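# Provided below for reference: sequence and predicted model.
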Amino acid sequence: MLRRIGIEAIEVRRADELAQVDGLILPGGESTTMVKFLTGENLLEPIRQFAGEGKPIFGTCAGAILLAREVTNPPQLSLGLLDVSIERNGYGRQLDSHIAEVATSLAGGAMEAVFIRAPRFTSLAAEVETLASIKGEPVFVRQGKIFAATFHPELTDDERAHRLFIEQALKHQQQSAVPS
Ligand code: GLN
């Protein structure tokens, strides 16, 4: 998706590689495995620092779980950069994986969203803004420069979620550019 919208992307696997990027995407996958990796590679603190420098982070699905302040079902370690509670595998077995149309506050309105063993936000702090929801339940949120979606916006043709995130990354790049 990033390449499609003309953005150069690299995989970040070590803390020093964070210095090469203006924004970070925490992708989907299995959050328990990802926590092990982040802990093993000592990446938790460097990522918190990255956010502390005002650089944007976008967590999708398992990535959203990693960003949350509180994780349930079962509880697990997280970055705590987004003031929400999130429940893993929140749709249970029946709706394990599904595609749904979600309402958004973005230009263009509704969006098709792919949920894969998706988590659910169970509470949001007042500072957390809802960008997309289904039946009134938030599925894409933002707190300052931290974005999180419980679905996989990279699996559809809709570029809006990534574009919104990239806008933030570019804003940071402009702010931090040293005038010559
Ligand atoms: N079920 C996974 C978890 O709890 C998330 C699934 C996904 O990222 N698609 O970590």
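Thanks, I have it. All of these numbers come straight from a predicted model, not from anything done at the bench.

# How is residue 164 assigned, secondary-structure-wise?
Remark: residue 164 carries the secondary structure label helix [criterion: DSSP: H, G, I helix; E, B strand; the rest coil].

# Please renumber the chain so that the first residue is 18 from this point on.
Happy to do that; since the first residue is 18 now, the last one works out to residue 181.

# Go ahead and confirm it touches residue 125.
No - using Cβ atoms under 8 Å as the test, residue 181 is too far from residue 125 to be in contact (11.3 Å). C-beta here means a position set from N, CA and C on the backbone, and glycine is covered the same way.

# who's the most centrally placed residue in the chain bridged to?
The structure's the chain has its C-alpha centroid closest to residue 76; by Cα atoms, centre = their mean the separation is 1.6 Å. Residue 76 forms beta bridges with residue 43, residue 165, as assigned by DSSP bridges.

# Next one: it relative to residue 125, how far apart?
Taking Cβ to Cβ, to the nearest Å as the measure, residue 76 falls 22 Å from residue 125.

# Counting neighbours, show which residues of the helix or strand bottoming out on mean pLDDT in the chain come out buried.
Here the helix or strand of the chain ranked lowest by mean pLDDT, DSSP states H and E is helix 177-193, holding a mean of 88. Across helix 177-193, burial judged by 16 or more other Cβ atoms under 10 Å covers 177-179, 181-183, 185-186, 189.

# what's next to whichever strand or helix holds residue 53, contact-wise?
Taking DSSP states H and E as the definition, one finds residue 53 inside helix 48-57. For helix 48-57, the surrounding residues in contact (Cβ atoms under 8 Å, 6 or more residues apart in numbering) are 43, 60-61, 64, 79-80, 82-83, 88, 93-96, 105.

# rerun at 10 Å
Applying Cβ atoms under 10 Å, 6 or more residues apart in numbering, the contact partners of helix 48-57 are 30, 43-47, 60-64, 76, 78-83, 85, 88, 91, 93-96, 103, 105, 136.
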